[in-house]
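Participant: Below: sequence and its predicted model.
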Amino acid sequence: QTGSANTNPSDSADDEYITNVSIGTPAQVLPLDFDTGSSDLWVFSSETPKSSASGHVTYSPSKSSTAKKLSGASWSITYGDHSSSSGDVYTDKVTVGGFSVSSQAVESATKVSTQFVQDTVISGLLGLGFDVGNTVKPRAQKTWFSNAANSLAQPLFTADLKHQQTGSYNFGFIDTTLAKGPIGYTPADGSEGYWGFTATGYSVGGAKLNRNSITGIADTGTTLLLLDDDVVNAYYNNVESAQYDDSQQGVVFDCSEDLPSFSFGVGGTTITIPGSLINLTPVSDGSSTCFGGLQSSADIGINIFGDVALKAALVVFDLGNERLGWAQK
Ligand SMILES: NCc1ccc(-c2ccco2)nc1
């Protein structure tokens, strides 16, 4: 068995990617942010304060004949961007891309932070990280993918995110026609709940890859490519108008700049991010100053290959073999 779901950028800056998920009986369809960087499936619900839920599609367990309260269970999560949510837990049927898990932990939000309240295009997150990262207490719950894995044709999923176009999350199979180059595989470290891996080197503007390894995570739920300062500086030293903008909290440059590409080596292959994908968006509507898609990870303490990097590749999240596959597209 397999599943295949379309995913769409939420706005003109590809800030996040929205995938529709069916929950309960009859189906309640919610737009969720699929996040390989976390391991909770949580939703805005009938239990979310009305003022916070305004404008959001919500899940009502009382309207689902297959919903069951998970007695005594609660959850609470804080993300790298300092957003947060918490609440209680139900189990219900959850269908993604035509594949159903009959009893999935659906974490109902009784509290959500301002960033989520304001982001009305999503109704929650579907974590695709490792189960060790799940926050439900007293007993951690499995992710949708973990519950599905044993019934899927292969225990893996792929992410094909695109700039301003519809992409896909495929479960149980690899559609190699989505890629232009070979898939390079490298071991994945799931011990922290993330999909951790090591890139063997990098280069700017088509130069030869150096041998400075970069250890980080493949994170569909983070917009940017966040790397060490020495890498960020090596890149923007090639961008004449680049400067750190305190108010924007990042590197900005003239939108008219012809940005160099950024490449990294992984699993014996090379992934090249075209400069166009690193010109993320004007700092404000109509501005001729643009915000960089590559920024520093110094304040986070972990390197994050977020959507800016993932948009250049077909990425295979292979749980069965504990490995990540990257193919140029
Ligand atoms: N990296 C996980 C994640 C995803 C989305 C969000 C978010 C906050 C406000 C709107 O969206 N925060 C964290």
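Facilitator: Everything's here; your move.
Participant: Please name the nearest non-neighbouring residue to the residue nearest in space to the middle of the chain.
Facilitator: Central residue of the chain (C-alpha atoms, centre = their mean): Thr220, 1.7 Å from the mean position. Distance criterion C-beta to C-beta, 6 or more residues apart in numbering; nearest residue to Thr220, sequence neighbours excluded, is Thr36 at 4.6 Å. Yep, even glycine has a C-beta here, placed from its N, CA and C like the rest.
Participant: how about that neighbour, what does it touch?
Facilitator: Residues in contact with Thr36 (C-beta atoms under 8 Å, 6 or more residues apart in numbering) are Leu128, Gly129, Ala159, Tyr194, Trp195, Ile217, Ala218, Asp219, Thr220, Gly221, Phe317.
Participant: measure it to the ligand for me?
Facilitator: Using C-beta to the nearest ligand atom, to the nearest Å, we find Thr36 at a distance of 9 Å from the ligand.
Participant: likewise Val136?
Facilitator: Distance of Val136 to the ligand, given as C-beta to the nearest ligand atom: 17 Å.
Participant: burial count for that residue?
Facilitator: 21 (other C-beta atoms under 10 Å).
Participant: Could you do Ser151 as well?
Facilitator: Other residues within reach of Ser151, judged by other C-beta under 10 Å, total 12.
Participant: So which bits of this protein are right by the ligand?
Facilitator: 16, 33, 35, 37-38, 79-81, 83, 115-116, 119, 125, 221-222 (C-beta under 6 Å from any ligand atom).
Participant: can you pull out the helices in the chain?
Facilitator: 50-53, 114-118, 144-149, 229-236, 275-278, 307-310 (DSSP state H).
Participant: Report the buried members of the residues of the chain next to the ligand.
Facilitator: The neighbour-count test (16 or more other C-beta atoms under 10 Å) applied to the residues of the chain next to the ligand identifies 16, 33, 35, 37-38, 79-80, 83, 116, 119, 125, 221-222 as buried.
Participant: Is it possible to get JSON lines of the residues you listed that adds pLDDT?
Facilitator: Converted to JSON lines, those look like this (pLDDT from 0 to 100):
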{"residue": "Glu16", "pLDDT": "98"}
{"residue": "Asp33", "pLDDT": "99"}
{"residue": "Asp35", "pLDDT": "99"}
{"residue": "Gly37", "pLDDT": "98"}
{"residue": "Ser38", "pLDDT": "99"}
{"residue": "Tyr79", "pLDDT": "98"}
{"residue": "Gly80", "pLDDT": "97"}
{"residue": "Ser83", "pLDDT": "98"}
{"residue": "Phe116", "pLDDT": "99"}
{"residue": "Asp119", "pLDDT": "98"}
{"residue": "Leu125", "pLDDT": "99"}
{"residue": "Gly221", "pLDDT": "98"}
{"residue": "Thr222", "pLDDT": "98"}
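Participant: For the residue nearest to the centre of the chain, give me its contacts.
Facilitator: Taking C-beta under 8 Å, 6+ apart, we find Thr220 in contact with Tyr17, Phe34, Asp35, Thr36, Gly37, Leu128, Ala159, Leu161, Gly306, Asp307, Leu310.
Participant: Apply 7 Å and report the result again.
Facilitator: Contacts here follow C-beta atoms under 7 Å, 6 or more residues apart in numbering; on that basis Thr220 touches Tyr17, Phe34, Asp35, Thr36, Leu128, Ala159, Leu161, Asp307, Leu310.
Participant: which of those sit farthest apart?
Facilitator: Spatially, the most separated pair among the contacts of Thr220 is Leu128 and Asp307, at 13.7 Å (C-beta to C-beta).
Participant: what's the neighbour count on the nearest residue to Ser276 once chain neighbours are set aside?
Facilitator: Among residues not flanking Ser276 along the chain, Leu259 sits closest, at 7.0 Å (C-beta to C-beta, 6+ apart). If you count neighbours by other C-beta under 10 Å, Leu259 ends up with 24.
Participant: OK, contacts around Leu259?
Facilitator: Leu259 is in contact with Val239, Gly275, Ile278, Asn279, counting by C-beta under 7 Å, 6+ apart.
Participant: Which residue comes closest to the third one once chain neighbours are left out?
Facilitator: Okay, so that is Ile278. Nearest non-adjacent residue to Ile278 (C-beta to C-beta, 6+ apart): Gly293, at 4.3 Å.
Participant: buried ones in stretch 135-146?
Facilitator: Going by 16+ other C-beta under 10 Å, stretch 135-146 has these buried residues: Thr135, Val136, Ala140, Gln141, Lys142, Thr143, Trp144, Phe145, Ser146.
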